[in-house]
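*Asks:* Just the structure for this:
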Amino acid sequence: MSSKSEIEIETESPPLFNYLKQKIPLEDIRDYASPRRITSIDFVKGFAIVFIILAHTAEGWLDSESFYMYGIMYTLLDILGPSLFVFMSALSVIFSIKRKEGVLPQKIIRNRIFTRGIVMIVIGMLTNLVGIDQTTGRVIVIIFGWNIITFIGFSQIFSYYALKLEKKWRILIGILIIMLSPFLRAFLYEGKEADNLILTFFHYFVTSPTPHLTLLPWISICFISTIFGEYIFEAMNKGTQDAYIGLFRIFFVWGIIFLLLGIFLFYPNGLNLTQWQPGWALQTPQSMVGGASEYPHLKLLRITNKQEYFEIPGMPSFLIRGTSANMFYNQGAALLIISIFFYYIDLKKKSNNFTNMLIYYGKVSLSLFLVHFLFIPLFFNQFGIALFLIISLSYVAFLGIFMYGWNTLKV
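*Replies:* Model (predicted):
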C-alpha cells in the first residue's frame, strides 16, 4: 500500500455505529488528523499524553505524606498536559480538512469532521458519566461535562467553521474570548447563584459540573491554533529547508510573545472591569468569583500547603487553568514546545529510541488516554514520591507495550 493511501486511511473517521458495534479496532479512533510528514507533531502529542497519565496516576497513587508534591508538580507542569494535548489536537484538524479540499466535496469533508467530533463527544460523555461533586465530594451522575475528550470532539467541529474566517478575524476573536471570558463566567455564576433559570442554563453549558476545560475561554484555541495549523500546512506543501526554518521562527517568536503576555499583561478582575490585575497576581479561592467550583485548579493551593516546610499565599493567575492569563501562557508554552522539538526532530533530524517511542505514543494518544484509566484503581494512596516515579514510569511503558500488542494482534 502506498504512503498516500496510508495517510488517507489515517485521516478517515469511523462511523459512530460501526465503532459501537466494534467493527473497527481501537487504534482507528486515535487522533485521526495526525500528520506524518512532520514527526515532531506526533512527538509532542506523545510528550503530552505521558504527562497526563503521570498526573492522573499521581492523584490516585501518592500517599498522604507525598501528596503535596502532586499539587506542586501539577501546578507547574499543567502546560505539558491537557492544554498542550488539546492545542495539538485542535491544530492538527487542519490537515484533515486542507488535504481534502479540492479533492472531495465540502459536504463530505464536513460530514467526516462532524462524525469524528460526535464520536469523541459521545466517548467523552461515556467516560464522564459518573463523577465527584466539586464541593460536596459526593458521587453524582453527570450527563454532560467538559472533559478533555468531549472538548476535543467539540473543537473538531468548531475548528471547521473557524477555518472559514480570515486569519486576522480569528486572532481578534480568539483574543476577545480570552480577555472577556472571566467576566462572562463570573456573570453567569452570579446569575446561577441568584436562581436565574436562563443564566443557570448557560452556566451549565459553558462551565458544566466538571469544569476541567470550560467552553470559555478554551474555545479560543480553535481560533488561534487553526492559524498556526495553516502555517504548518503551507510549510509542508513547500517542503523546503527555508520554509521549515521560517515555520520554526514563527512558532518560537509567537510562543515567547504569548508567554510574556500571560505573565505580565493586565486583565480585568471578574465582574469589576475597572480593576485590572497582572498575570502574576496571586489568587486564592476567596479572591475569585466562584472560587474552586469555577476554577478547580485553586484546590491545588490547599494540596500544596499540606506540608510543614513552607506556605504559599496564593497561585499566580497565569497558572490557574481557565483564566485569561493562563490561556495566553499555555498557548505560548505550547508554541515554544512545538518549536523546540520541531527544530531538533524535523530540522536537525535527531532520532533515537526515546523519540521514536514518544512518536508512537503520539500516534495512539487518544487510545492511551482511554485505556490508562482502567488500571489506576489497582492502587490507592500507597506510594511515596520515589516509589511512585518508578511504578508510574513503568506503567507508562507497560501501556505503550500493551497498545503496540493490541494494534498488531491478528484476530
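*Asks:* neighbours of residue 186, just the number please.
*Replies:* 19 (other Cβ atoms under 10 Å). Every residue, glycine included, has its C-beta placed from N, CA and C.
*Asks:* quick one: average confidence on the helix or strand that contains it?
*Replies:* Element membership for residue 186, per DSSP states H and E: helix 167-193. If you average the pLDDT over helix 167-193, you get 95.
*Asks:* what do you get for stretch 223-242?
*Replies:* For stretch 223-242, mean pLDDT is 89.
*Asks:* Now that stretch - C-alpha only, CSV.
*Replies:* C-alpha atoms of stretch 223-242 as CSV (Å, rounded to 0.1, in the frame of the first residue of the first chain):
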residue,chain,number,x,y,z
PHE,A,223,-9.4,30.3,16.5
ILE,A,224,-5.7,30.6,17.4
SER,A,225,-4.5,27.1,16.7
THR,A,226,-6.0,27.0,13.2
ILE,A,227,-3.8,29.9,12.3
PHE,A,228,-0.7,28.1,13.2
GLY,A,229,-2.0,24.9,11.7
GLU,A,230,-2.2,26.7,8.3
TYR,A,231,1.4,27.8,8.7
ILE,A,232,2.4,24.2,9.2
PHE,A,233,0.4,23.0,6.2
GLU,A,234,1.9,25.7,4.0
ALA,A,235,5.4,24.8,5.1
MET,A,236,4.7,21.1,4.5
ASN,A,237,3.5,21.9,0.9
LYS,A,238,6.7,23.8,0.2
GLY,A,239,8.8,21.1,1.8
THR,A,240,12.0,23.2,1.7
GLN,A,241,14.5,23.9,4.4
ASP,A,242,13.8,27.6,4.3
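*Asks:* circling back to that earlier point, now the helix holding residue 186: buried residues?
*Replies:* Across helix 167-193, burial judged by 16 or more other Cβ atoms under 10 Å covers 170, 173-175, 177-192.
*Asks:* next one: stretch 298-318
*Replies:* 298-301, 303-304, 315-318.
*Asks:* Looking at these, spot the one nearest residue 247.
*Replies:* residue 318 (26.2 Å; Cβ to Cβ).
*Asks:* Please determine how far that closest one is located from residue 55.
*Replies:* Distance, residue 318 to residue 55, by Cβ to Cβ, to the nearest Å: 19 Å.
*Asks:* Quick one: list the elements packing against the helix or strand where residue 95 lies.
*Replies:* Taking DSSP H and E as the definition, one finds residue 95 inside helix 82-98. Here helix 82-98 is seen to pack against helix 39-61, helix 106-127, helix 148-162, helix 220-238, helix 324-342 when contacts are counted using 3 or more Cβ pairs under 8 Å, 6 or more residues apart in numbering; DSSP states H and E.
*Asks:* of those, which approaches residue 270 most closely?
*Replies:* In terms of Cβ to Cβ, the element of those nearest to residue 270 is helix 324-342, at 11.0 Å.
*Asks:* how many degrees apart are that closest one and helix 39-61 in direction?
*Replies:* Helix 324-342 runs at 130 degrees relative to helix 39-61, counting by axes from the mean of the first three to the mean of the last three Cα atoms, to 10 degrees.
*Asks:* quick one: buried residues of helix 324-342?
*Replies:* By neighbour count on 16+ other Cβ under 10 Å, the buried set for helix 324-342 is 324-342.
*Asks:* cool, and stretch 234-251?
*Replies:* 235-236, 244, 247-248, 250-251.
*Asks:* ok so residue 144 is a strand residue?
*Replies:* No - assigned with DSSP: H, G, I helix; E, B strand; the rest coil, residue 144 falls outside any strand and is coil.
*Asks:* how far away is it from residue 386?
*Replies:* Separation of residue 144 from residue 386 (Cβ to Cβ) stands at 40 Å.
*Asks:* and residue 401, how many neighbours?
*Replies:* Neighbours around residue 401, by other Cβ under 10 Å: 9.
*Asks:* secondary structure element for it?
*Replies:* helix 385-408.
*Asks:* and that helix, what's its mean pLDDT?
*Replies:* On average, helix 385-408 scores 91.
*Asks:* What pairs with the strand ranked longest in the chain, parallel or antiparallel?
*Replies:* Using DSSP state E to define each element, the chain has its longest strand at strand 272-278. In the sheet, strand 272-278 lines up against strand 266-269 (antiparallel) (DSSP bridges).
*Asks:* Pick out the residue closest to the middle of this protein.
*Replies:* residue 86 (2.7 Å; Cα atoms, centre = their mean).
*Asks:* on that earlier part again, show me what the helix holding residue 401 is packed up against.
*Replies:* helix 39-61, helix 353-363, helix 365-371.
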